[in-house]
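In: compute the structure for the input listed below.
(2 chains, ligands or ions: 3)
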Amino acid sequence: MSNTTLIEITLDEPLLEVKFRRLEKRLSDESAYIESERCYYCYDAPCVSACPTDIDIPGFIRALAVGQAARAAERIIQANPLGASCSRVCPVETLCEQACVRMHEAGGPVPIGLLQRYAMDHFDLDSMKSAESVEIAALHAKPKVAVVGAGPAGMTVAYLLAQAGLMVDVYEAQNLPGGLNESGIAAYKMLDDAAQREANNLLSHPKIHVHYGKALGSGLSLPKLREEYSGVVLAVGLQKQRQLHIPGEDLPGVVSAVPYIAKMRRKEPVPVGKHVVVIGGGMTAIDIAIQIRLLGADDVHIAYRRGEEAMGASTYEQQLARDQGVFIHHYLRPVAIYEKNGQCGSIQFQPTHILDGQLQDQGEMVTWSVDQVFVAVGQQLETESWIAGTPELQLDSRGKILVDEFAQTSLAGIWAVGDCASLSGDLTVHAVADAKIAVSSMIADLASDMRSCV
Amino acid sequence: MTPDLSSEFVGIYSPNPFWLASAPPTDRAVNVDRAFKAGWGGVVWKTVGVDPAVINVNGPRYGFWQGDNHRVQGFNNIELISDRPLGTNLEEITEIKKRWPDRALIVSVMFPLDEAIWAECLPRIALTGADGIELNLGCPHGMSERGMGSAMGQAPDLVEAVTRLAKKNTSLPVIVKLTPNVTDITWSAAAAFAGGADAVSLINTINSIIGVDLDQMAPVPTIDGRGTHGGYCGPAVKPVALNMVAEIARNERLGHLPISGIGGIGNWRDAAEFMALGATNVQICTAAMLYGFRIIDDLTEGMKTWMKGKGYRYLTDFVGQAVPHVSNWNMLNLNYVSKAFIDVNRCVGCGRCHIACEDTSHQAIEKIVDTGRYQVRSEDCVGCNLCVAVCPVTECIHMERLESGVDPRTGLAINPEPANWMQHPNNPLNQPVVKPSLEKKD
Ligand SMILES: Cc1cc2nc3c(=O)[nH]c(=O)nc-3n(C[C@H](O)[C@H](O)[C@H](O)COP(=O)(O)OP(=O)(O)OC[C@H]3O[C@@H](n4cnc5c(N)ncnc54)[C@H](O)[C@@H]3O)c2cc1C
Ligand SMILES: Cc1cc2nc3c(=O)[nH]c(=O)nc-3n(C[C@H](O)[C@H](O)[C@H](O)COP(=O)(O)O)c2cc1C
Ligand code: SF4
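Out: Ligands and ions are numbered 1, 2, ... in the order given. Purely as a prediction, here's the structure:
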């Protein structure tokens, strides 16, 4: 094997159509009808409790069954403004569908995710702009609210606050909204510019003003925001990539998965290896493995240091990866990466096992030859650039912003939602659920402020 | 433009045209209170009668026919009218009306043909603050054995007499609820009209036996080895009800008698269909019994969504719009020719259309030998629609009108001018009169 230079590939439209489109699952009109008729229209339905955003699932499915997909979508959006992206990215097999009462019947659970996708595909996102609003703003002296970060969490907060009648300033470090929806989610889940279309519609509310290229930490400080706004919501996600801390990690060819995916989704050329190893066991590991395979890697191996049951990626996602020819190996801990011709050439693993609940080494080291290694072992909150002004802001043991059940941080007037918040569940749908909580908490706070003003 | 669902029916206002029909959902204050909370526009209280109150069976009172997916298609009951004292009902009605002044509250009654009773009870009902009276002339079981319910509803002169009695003893609007268990529904409507009815509502339940328990050799529901005929309702009765509503709506002699449409309504579309055929509002029973009061959301939101799409602002924009297009068979255009077409790309080759047409229609569908799919031979197709009915694939077979050219089946040129039976040469009444010959041809 003598691959010193990796081929550069751009994920352009033809490639998306030929390779990625195949992975997209959608229902035809007939199937959507048949599947919607399978819903029992349960009362106090378990699927609704299983959805972090409490979408009225039997209600929207009934609207589909009577032939009104757009109304079904409206119902979805009432509970979850990001209903469109959630219908594409939610691991429903671990959320609503696992709770469906038909789970163990012939035919399995009602395909709630696909039905939601069907409804959202029949919805004119533009119609979200003309939302009615309750004029809290007019009553309040400092009516403006600041949201930092325009990912799923920040966009939802901004949209709901604007709907409630508040003026919202959004500060986003990038030049585009969407956060990981735009830059992290696997490309085959977000075809047809879905993330951008949804983001643009949510943020085009007349009460929302987005400031792009404005990052907390560079020119924007938290104390200042607190002073200028009635409330501040932090929705900055996790911007720091966790590392392996093993020798050879800096070699060319060893890549952090999330920035790589971002680059690929921006349609910039990315290097594609032939013999690829992915380190990690979560959704990111699966996503990069599948996508690098679709981009043309010959063999792709995921190595995870624990067993299958401990993997963050659902069984469904693991199967999807295997269907694309990805090999998944368990109980392998990376030890070192070695150089060959100026870039990574092999990777060494220590096999492990679980003893009394503890991960322990066991057996002989193994070495695989590789020309590209992806590191997908998680992200962390980046605070260095902005936290200095507010040392009182407490973080949890994992370095995320500590929040209570109302999404409030340790600093009055500051809320934190989405991946950056300690209580968040790390999925897009959790970001939306957090946002809903923060918005009700904030509105309640502002309303009580108002009462004490008069 | 947000469509406005507010509804007016014989001077009774309700925020939407969806009322719960007189039945178990409207039997008592707790139910009705929950229904109004859920958003129902009005209720017709469970039929009240004279004291002592009736007794219901203590075994199963419902039978049902479940179609695909275990969904109830037809529902049958042997329940009687309210089994609680009149006074209790009236107290609860008073309380509910006070609590929900913007909702319609109608009291359904069933009394014998005895003027003293009507003269005593109707004023008591008026005191509750209720908005109107509905006469239950429909119950096909139990009550009919006592000379009431459908026993009255099936005799036009009794319908007229009882309507007159009611009108005489109340100033509230009187809605006469008709039984479908008659040969011609317009006779019943005409009798109600003659008696001074402000409106009619229909249909009540259809007399039925829903099934037989072949082990007990008795109708279901079976009470200790015996069953009786009951009242049929639910999705299965909708076509019967639609026709009866239309027959009344298009009958000029009935002077545009307002109609409250009932029978098998489960969703906004069903309701819209009744209203298009002339019902000013609708009443619902079985669907609420099967799914709960929450179906009102689908009814109101679904109706609004549809109205918005059509550009209808008010209910009156579409109520009755289909009535002018309901006509007798003899007015249908016989020059209209349509043929079935099978989309070969959708055809799965199941052969259902072929065997249906081959055995029971016009032998017009054949297999395409090399593909195993099917095609229609236009020269044999009479355009009956049977293949569309049996095809399991959506949008695979459709009917298409021949606009011009020659009908390959008859060899006749397509005539763009409509011609109905009254104008057709085959109609004997249309022939120059020929004296019937007395001579016998053998
Ligand atoms: C590779 C990958 C795949 C995933 N796949 C799925 C999936 O299939 N399904 C699923 O449900 N979830 C998935 N997730 C998780 C999901 O994407 C996140 O939970 C979700 O995006 C969190 O939203 P957020 O708004 O909290 O953060 P983000 O999406 O990270 O958005 C944060 C935003 O804040 C901005 N920002 C950051 N710092 C600053 C600053 N200092 N100043 C101003 N702006 C700032 C960023 O530019 C970004 O726009 C995946 C995550 C990854 C990494
Ligand atoms: C259990 C049951 C009890 C009923 N009781 C009455 C009644 O007391 N008075 C009445 O006028 N109609 C009664 N009905 C008839 C309904 O009001 C309604 O006319 C009929 O069920 C058709 O409507 P649906 O198909 O929506 O159920 C009853 C129906 C059912 C199912
Ligand atoms: S529905 Fe209620 S009252 Fe009727 S049989 Fe069941 S439990 Fe008894």
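In: which one's the longest strand in chain A?
Out: Ordering each strand of chain A by length in residues (DSSP state E) puts strand A:343-355 first.
In: CA atoms of it as CSV?
Out: Presented in CSV, the C-alpha positions along strand A:343-355 are these (Å, rounded to 0.1, in the frame of the first residue of the first chain):
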residue,chain,number,x,y,z
GLN,A,343,1.5,10.8,6.9
CYS,A,344,-0.4,8.3,9.0
GLY,A,345,0.3,4.8,7.8
SER,A,346,-0.9,2.5,10.6
ILE,A,347,-2.8,2.5,13.8
GLN,A,348,-2.2,0.3,16.8
PHE,A,349,-5.0,-0.9,19.2
GLN,A,350,-5.1,-2.5,22.5
PRO,A,351,-8.0,-5.0,22.8
THR,A,352,-10.2,-4.5,25.8
HIS,A,353,-12.9,-6.2,27.8
ILE,A,354,-15.3,-5.3,30.6
LEU,A,355,-14.5,-6.8,34.0
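In: that strand pairs with which strands, and in what direction?
Out: As defined by DSSP bridges, the strand partners of strand A:343-355 come to strand A:332-340 (antiparallel), strand A:358-361 (antiparallel), strand A:366-369 (antiparallel).
In: out of those strands, which comes closest to B:Asn204?
Out: Taking CB to CB, strand A:358-361 is the member of the strands paired with strand A:343-355 nearest to B:Asn204, at 72.2 Å. Bear in mind the C-beta positions are built from the backbone N, C-alpha and C, glycine included.
In: need the contact partners of the closest one.
Out: With contacts defined as CB atoms under 8 Å, 6 or more residues apart in numbering or on different chains, strand A:358-361 is touched by A:Arg305, A:Arg306, A:Arg333, A:Gln350, A:Pro351, A:Thr352, A:His353, A:Ile354.
In: closest to A:Val89 out of those residues?
Out: Nearest to A:Val89 out of the contacts of strand A:358-361 is A:Arg306 (CB to CB; 24.4 Å).
In: how many residues are close by the closest one?
Out: 16 (other CB atoms under 10 Å in any protein chain shown).
In: need the residues of the stretch 151-300 of chain B near ligand 2, please.
Out: With the criterion set to CB under 6 Å from any ligand atom, the stretch 151-300 of chain B comes near ligand 2 through B:177, B:204-205, B:231, B:233-234, B:237, B:262-265, B:284-287.
In: what's the neighbour count on the residue in the stretch 151-300 of chain B that ligand 1 sits nearest to?
Out: Nearest to ligand 1, among the residues of the stretch 151-300 of chain B, is B:Asp297, at 28.3 Å (CB to the nearest ligand atom). By the measure other CB under 10 Å, the count of residues near B:Asp297 is 16.
In: what helices and strands are in contact with the one helix or strand it maps to?
Out: Assigning secondary structure by DSSP states H and E places B:Asp297 in helix B:295-310. If you count contacts as 3 or more CB pairs under 8 Å, 6 or more residues apart in numbering or on different chains; DSSP states H and E, helix B:295-310 packs onto helix A:57-65, helix A:69-79, strand B:18-20, helix B:29-38, helix B:268-276.
In: next one: the longest one to chain centre, how far?
Out: For helix A:69-79, the distance from its own C-alpha centre to the chain's C-alpha centre is 21 Å (CA atoms, centre = their mean, to the nearest Å).
In: and the next helix or strand after it, average pLDDT?
Out: The element immediately downstream of helix A:69-79 (helix or strand, assigned by DSSP H and E) is helix A:83-89. Confidence over helix A:83-89 (mean pLDDT, whole number) is 96.
In: what residues does helix A:83-89 touch?
Out: For helix A:83-89, contacts defined as CB under 8 Å, 6+ apart pick out A:53, A:55, A:73, A:76-77, A:80, A:113, A:116-117, A:119-120, A:123, A:125, A:152, A:181, A:185, A:189-190, A:194-195, A:197-198, A:427-429, A:432.
In: what's the answer for stretch B:367-384, then?
Out: Contacts with stretch B:367-384, where a contact means CB under 8 Å, 6+ apart, come from B:337-342, B:344, B:347-349, B:351, B:353-354, B:361-366, B:387, B:397, B:399, B:408-409.
In: quick one: strands adjacent to the helix or strand following the helix holding B:Asp297?
Out: Per DSSP H and E, the first helix or strand lying C-terminal to helix B:295-310 is strand B:338-342. Strand B:338-342 has its sheet partners listed here by DSSP bridges as strand B:397-401 (antiparallel).
In: hmm, who's touching the partner strand?
Out: With CB under 8 Å, 6+ apart as the test, strand B:397-401 has contacts from B:336-343, B:353, B:376, B:383, B:385, B:387-388, B:391.
In: any idea how far A:Arg71 lies from chain B?
Out: 5 Å (CB to the nearest CB, to the nearest Å).
In: tell me which residues touch that residue, please.
Out: Counting by CB under 8 Å, 6+ apart, A:Arg71 touches A:Ala63, B:Glu301, B:Gly302, B:Thr305.
In: same thing with A:Val170?
Out: Going by CB under 8 Å, 6+ apart, A:Val170 touches A:146-150, A:154-155, A:158, A:177, A:203, A:208-211.
In: what about the strand or helix carrying it, near ligand 1?
Out: Assigned by DSSP H and E, A:Val170 belongs to strand A:167-172. Yes. Looking at strand A:167-172 against ligand 1 by CB under 6 Å from any ligand atom, the contacts come from A:Tyr171, A:Glu172.
In: need the residues that contact the helix or strand just after that strand.
Out: Using DSSP H and E, the helix or strand that follows strand A:167-172 in sequence is helix A:180-183. Helix A:180-183 has contacts (CB under 8 Å, 6+ apart) with A:85, A:89, A:151-152, A:174, A:176, A:190, A:195-196, A:198-199, A:237, A:258, A:261-262, A:265-266, A:419, A:428.
In: okay, and which of those residues map to helices?
Out: A:Ser85, A:Val89, A:Pro152, A:Ala195, A:Gln196, A:Glu198, A:Ala199, A:Val258, A:Ile261, A:Ala262, A:Arg265, A:Thr428 (DSSP state H).
In: and these, which of them are buried?
Out: Neighbour counting by 16 or more other CB atoms under 10 Å in any protein chain shown classes A:Ser85, A:Val89, A:Pro152, A:Ala195, A:Glu198, A:Ala199, A:Val258, A:Ile261, A:Ala262, A:Arg265, A:Thr428 among these as buried.
In: list the contacts for the third one?
Out: Applying CB under 8 Å, 6+ apart to A:Pro152 gives the contacts A:Leu82, A:Ser85, A:Gly178, A:Gly179, A:Leu180, A:Asn181, A:Gly418, A:Thr428, A:Ala431, A:Val432, A:Ala435.
In: tell me how many other residues crowd the residue in the stretch 301-450 of chain A that chain B sits nearest to.
Out: Distances between the stretch 301-450 of chain A and chain B by CB to the nearest CB are smallest at A:Lys436, namely 20.6 Å. Neighbourhood size, A:Lys436 [other CB under 10 Å]: 20.
In: if I pick it, what's in contact with it?
Out: Residues in contact with A:Lys436 (CB under 8 Å, 6+ apart) are A:Thr53, A:Thr156, A:Leu160.
In: which residue is the nearest non-sequential neighbour of the residue nearest the centre of chain B?
Out: In chain B, the centroid-proximal residue (CA atoms, centre = their mean) is B:Ala241; its distance is 2.1 Å. Leaving aside its sequence neighbours, B:Ala241 sits nearest to B:Gly263 (CB to CB, 6 or more residues apart in numbering or on different chains; 2.7 Å).
In: okay, that neighbour and chain A: tell me how far apart.
Out: As judged by CB to the nearest CB, B:Gly263 and chain A stand 18 Å apart.
In: what about that residue, neighbour count?
Out: B:Gly263 sits with 32 neighbouring residues when counted by other CB under 10 Å.
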